[in-house]
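Student: The sequence isn't on hand, but the structure is:
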């Protein structure tokens, strides 16, 4: 009806305007013209307060610039690709800790020297996303080769032999399965297979394995998504076994929904929405102050994470994507209402019209607790990804009249 | 005067009562009768919510039980020593990651199997404190030997060769000096040399080296204590170079003051009080809501630590010790006033008369943010150490009449 269209148009305009302010923030403040790559430690107004280069955030920003260039007509700007290329070359030169290893650093000095290594796969995952997206905008094969080579290394670490990651096996550590791993790999499969039948076939089994692994995190008779479970799909003892991360479950939800849509798997679609969106929202939304909690204990104990009650930017940007995507797939009004609920929280709390880009960290009451716009874990990624995807989905709804 | 004596008596009584409630909390709830050692993941009312055994906290609780047994007449209870011995034997059996290495785990499973290792010296430091204090209450030489052997290993890692810690050297990591290291070593020297002239002589140079290293953290023309500096005593670039941890500076302050008192070094005494107590208090005390901030940036940027504005238990327990000790040494009324300020914040916010032991984590406004009484970093240590030391110091003042 007209009423609904008017509402969608307002949302669409607000999101478009915000995306432009967000991207201006990053293009104006984050480019390192001297060494290539991005400054991501930025104050509220964009001032650089540290010049360390976190590899996750370098890879993500390369990906974001190329993705916007490819998908959003008004961002089909050559300067975005040029900047992404400089950062991509910076990663090619510096991300790997040594020439004879695929292991990437976690953080680099401004000039590219390695500062720290994490014994996980995530630097490598965002490196892969950057390389694949660079190939898509430039057509240069070397980026695609690099993406596939790194992907195959990651899959080897995850499914065959993790010793290359450098984690010593510990006799008292239960072999555990973190949802982050299959979730990230599923996102990578989605990235790599776009428009490429051969790659889609190559990673088809992997995609199904990821979905299956993710579903094992639905525990307690379907009443909770647990972040970490045993390797054979059981609940683990202690805090880490009881940990819930509502934003992470919801982000996984839309990765899973996309997978189900491609597979035309109706049962999986329903599970993605019921178990990975509605359930974590119900558990994770703060009924007193609004916003999604960062961590919860499934038994109701107080989590040990000091930031458990903080409201962070990325669970909210992911929830916007998830609920809008789920609404488009199902046309269930309650899903659009949940989108609206998150949208309203976001635009009254996180968005910063004065300087652009969202605040990252609110306290439980929804007040800004850290004024930084970028830091060791926040760069140019979740916010513009959410805004461009929501814009695209709202356009789709508006086009239906 | 009578007025002051009355005030001191009230403080003394409040602190004594609280110490008893705190110790009842730990003796009632934390003993693992089956494996030895302590549960430290305890809810507000003492319920065990996880059975992991963090080695820092195991060592600290052994130390605390023995120290109270030795120093506080009403805690001269054999059951404290028996429990500490069981935990000490648990550490002897399980703390080291392998038989051929002195490296200790960071956290163990309930039965003692290693779960995680940190590439720092702190598990080993608290292990040393536990062993030395066990020797003092039992007279058994094996504990003293173990303490000295571990201490010498720690000193080797710090001053000669850190490779045994397992940290790979990184080309982009500025060689840095963390104040935690000389501060911890100075505390260990104080521990080991008590009543032992030979040991005091053995570690005399080390003690002076620690004091010298600590003093290098006074930067910016004496206007700030910075947590991390370059190896040659200069300010480092970026966030980590600008980081201030007021509670840590104040804790270091009383370690330094004790060292100065032993050395009868008046200039060092003044520096300990001016630079490591008054200055960090002035910078770190929240003028709006009270309490000490956890982290601050010396330039006034927002710290990247999500918990920067939280009020944590240990900076406050350490500040009580520091200001009371400094008052006794100098008799400057402003130092007693600062003790009172911290004392009043503590007993209106942290202390929990209902269940015993302090809350650990308040939000910026001083409300309880995490209800846990113990967790991965909070055990039976800072609170009872502060209460027993303050009780002892108040007794000293009261004895003067």
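Tutor: Thanks, I have the structure now. These figures come from a predicted structure and were not determined experimentally.
Student: Show me which residues of the stretch 1-150 of chain A sit near chain B.
Tutor: Within reach of chain B by Cβ under 8 Å from any Cβ of the partner chain, the stretch 1-150 of chain A has these residues: A:41, A:43-44, A:49-52, A:105, A:108-109, A:111-117. Every residue, glycine included, has its C-beta placed from N, CA and C.
Student: what's the answer for the stretch 201-350 of chain A, then?
Tutor: Counting by Cβ under 8 Å from any Cβ, the residues of the stretch 201-350 of chain A that sit close to chain B are A:237-239, A:297, A:301-304, A:306-310.
Student: one more time with 10 Å, if that's ok
Tutor: A:237-242, A:294, A:297, A:299, A:301-310, A:312 (Cβ under 10 Å from any Cβ of the partner chain).
Student: Stretch A:231-242: end-to-end distance?
Tutor: 15 Å (Cα to Cα, to the nearest Å).
Student: Would you list the buried entries among the residues of the stretch 201-350 of chain A next to chain B?
Tutor: Using 16 or more other Cβ atoms under 10 Å in any protein chain shown as the burial test, those include A:238-242, A:294, A:297, A:301-310, A:312 as buried.
Student: bridging residues for residue A:218?
Tutor: Applying DSSP bridges to residue A:218 gives these bridge partners: residue A:225.
Student: Quick one: neighbours of it, just the number.
Tutor: By the criterion of other Cβ atoms under 10 Å in any protein chain shown, residue A:218 has 20 neighbours.
Student: Please list all residues in contact with residue A:329.
Tutor: Shown in contact with residue A:329 (Cβ atoms under 10 Å, 6 or more residues apart in numbering or on different chains): A:257, A:258, A:260, A:261, A:269, A:270, A:272, A:273, A:335.
Student: now those: which count as buried?
Tutor: If you count burial by 16+ other Cβ under 10 Å, the buried members of the contacts of residue A:329 come out as A:257, A:258, A:260, A:269, A:272, A:273, A:335.
Student: which stretch of helix or strand covers the first one?
Tutor: Assigned by DSSP states H and E, residue A:257 belongs to helix A:246-263.
Student: buried residues in stretch A:314-330?
Tutor: A:314-329.
Student: Select the longest helix from chain A.
Tutor: helix A:2-29 (DSSP state H).
Student: helices or strands up against the helix or strand following that one?
Tutor: Using DSSP H and E, the helix or strand that follows helix A:2-29 in sequence is strand A:41-42. Counting contacts by 3 or more Cβ pairs under 10 Å, 6 or more residues apart in numbering or on different chains; DSSP states H and E, strand A:41-42 packs against helix A:2-29, strand A:48-50.
Student: Pull up the pairing partners for strand A:41-42, direction included.
Tutor: strand A:48-50 (antiparallel).
Student: coming back round to it: the longest helix of chain A - contacts with which helices or strands?
Tutor: Partner elements for helix A:2-29 (3+ Cβ pairs under 10 Å, 6+ apart): strand A:41-42, helix A:55-71, helix A:78-94, helix A:313-330, helix A:333-345, helix A:382-399.
Student: As a markdown table, these with mean pLDDT would be great.
Tutor: Converted to a markdown table, these look like this (pLDDT from 0 to 100):
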| stretch | mean pLDDT |
| --- | --- |
| strand A:41-42 | 98 |
| helix A:55-71 | 98 |
| helix A:78-94 | 98 |
| helix A:313-330 | 98 |
| helix A:333-345 | 98 |
| helix A:382-399 | 98 |
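Student: so can I have JSON lines of the ones you listed showing distance to residue B:35?
Tutor: Output for the helices and strands packed on helix A:2-29, formatted as JSON lines (distance: least, Cβ to Cβ, whole Å):
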{"stretch": "strand A:41-42", "distance to residue B:35": "45"}
{"stretch": "helix A:55-71", "distance to residue B:35": "39"}
{"stretch": "helix A:78-94", "distance to residue B:35": "47"}
{"stretch": "helix A:313-330", "distance to residue B:35": "38"}
{"stretch": "helix A:333-345", "distance to residue B:35": "46"}
{"stretch": "helix A:382-399", "distance to residue B:35": "44"}
